[in-house]
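**Q** Sequence below, structure please.
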Amino acid sequence: MHPAPSIILFTTLSGLGYGLAAMLGLGLLDPAHIATKVGHLLALALIAAGLLSSTAHLGNPQRAWRALSQWRSSWLSREGVMAIATFIPLTWSAWLAVIESRYVWLPGLLGTGMSAVTVICTAMIYASLRSVQAWNTRLTPASFLLFSAAGGLVLTAFLAACSGMLTPLKTVAALVMLAAAWAVKVKWRARMKELSPLSTPESATGLGTMGQVRLFERPHMTENYLTREMGFRVGRKHAAKLWNVALIAGAIMPAVLLVAAAAMGPGGAFAILLSALAALSFVLGILAERWLFFAEARHAVMNYY
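**A** The predicted model follows:
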């Protein structure tokens, strides 16, 4: 499928924002420190930027509000409702931290729980599509949730270093979550490569008993929505190289840099620099991973194209 930049930015930025908000909601950082206050604002900014970028993919953005009415049946609608509702405890927590320099467990835990639910709703938009076999698995929401948590912990480690509070526990937590997220993603990708198409040109046309079916002529002489959005193809060599980039930038480099930052002590310029590079590298890795998530997925409708 076509990897639209707006959707890649949406899933990446909002995932990082909700992950960071969830970690702040657990009270992992001292709200009296400037870095923690900045962290609350950064989480809200990432979430808002992600949600705004998603509207660029809509045909009529001015009608986006109507999607909220279908929450009983649509994961997209549920995500929109949850995203709006989650701003309430997150803004409450941010106010308490930024203005009053204190942590309150009620809005904190509410924000953490609702952030997790929102990320799951986002993932289920894709996981619920039976027409895209690669996405239609429980590994999809697990991957989204773990990547969000891993990104939140990597950003938490950076903020902790800025406050001089980068403890071994925070570093280990980030490393464990990074390992878990990429382990699930590796399993997800292995499953995708082993899939046998449920729908083939033979089954789609009902002519399989007569032999192999091949396309004689395209159904449309000009491009349409389906060919633009669903007809994207990525070369195997290109996908393999980008997958290596995603692994190195999103898994190996952040882990190495976080360990190096921890070795520098709880604070200091080098610890801050290394943890910042770890966060930046993780973001680049996730951008590559999300590009492949869309580019390698094949929609069943393309049997007709």
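
**Q** Distance check, residue 9 against residue 187.
**A** Counting by CB to CB, to the nearest Å, the gap from residue 9 to residue 187 is 26 Å. Any C-beta I mention is one placed from the backbone N, CA and C, and that applies to glycine too.

**Q** what about the helices in the stretch 1-150 of the chain?
**A** Applying DSSP state H, counting those that start in this stretch to the stretch 1-150 of the chain gives helices spanning 5-25, 34-54, 75-98, 105-127, 139-162.

**Q** Using TSV, please lay out those helices together with mean neighbour count.
**A** Compiled in TSV, those are given as follows (neighbours: other CB atoms under 10 Å):
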stretch	mean neighbour count
helix 5-25	25
helix 34-54	20
helix 75-98	20
helix 105-127	21
helix 139-162	26
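
**Q** mind checking which of these is nearest residue 268?
**A** Of all the helices of the stretch 1-150 of the chain, helix 139-162 sits nearest to residue 268, with 8.0 Å by CB to CB.

**Q** And that closest one, what does it pack against?
**A** On a contact count with 3 or more CB pairs under 8 Å, 6 or more residues apart in numbering; DSSP states H and E, helix 139-162 meets helix 5-25, helix 34-54, helix 105-127, helix 168-194, helix 253-263, helix 269-295.

**Q** if we can go back for a sec, in JSON lines, list the helices of the stretch 1-150 of the chain along with mean pLDDT and distance to residue 179.
**A** Below are the helices of the stretch 1-150 of the chain laid out as JSON lines (pLDDT from 0 to 100; distance: least, CB to CB, whole Å):
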{"stretch": "helix 5-25", "mean pLDDT": "95", "distance to residue 179": "16"}
{"stretch": "helix 34-54", "mean pLDDT": "94", "distance to residue 179": "23"}
{"stretch": "helix 75-98", "mean pLDDT": "95", "distance to residue 179": "27"}
{"stretch": "helix 105-127", "mean pLDDT": "97", "distance to residue 179": "19"}
{"stretch": "helix 139-162", "mean pLDDT": "97", "distance to residue 179": "9"}
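
**Q** would you turn these into a markdown table with distance to residue 297?
**A** As requested, the helices of the stretch 1-150 of the chain are exported to a markdown table (distance: least, CB to CB, whole Å):
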| stretch | distance to residue 297 |
| --- | --- |
| helix 5-25 | 12 |
| helix 34-54 | 18 |
| helix 75-98 | 16 |
| helix 105-127 | 8 |
| helix 139-162 | 10 |
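
**Q** Which of the ones you listed sits closest to residue 269?
**A** helix 139-162 (9.6 Å).

**Q** That closest one vs helix 253-263, what angle?
**A** 30 degrees (axes from the mean of the first three to the mean of the last three CA atoms, to 10 degrees).

**Q** Run the angle between helix 139-162 and helix 105-127 for me.
**A** Using the same axes, to 10 degrees, helix 139-162 lies at 140 degrees relative to helix 105-127.

**Q** Use 58 as the first number from now on
**A** In the new count, where the first residue is 58, that last one comes out as helix 196-219.

**Q** how far does helix 196-219 sit from the chain's center?
**A** Mean C-alpha position of helix 196-219 versus that of the full chain (CA atoms, centre = their mean, to the nearest Å) differs by 10 Å.
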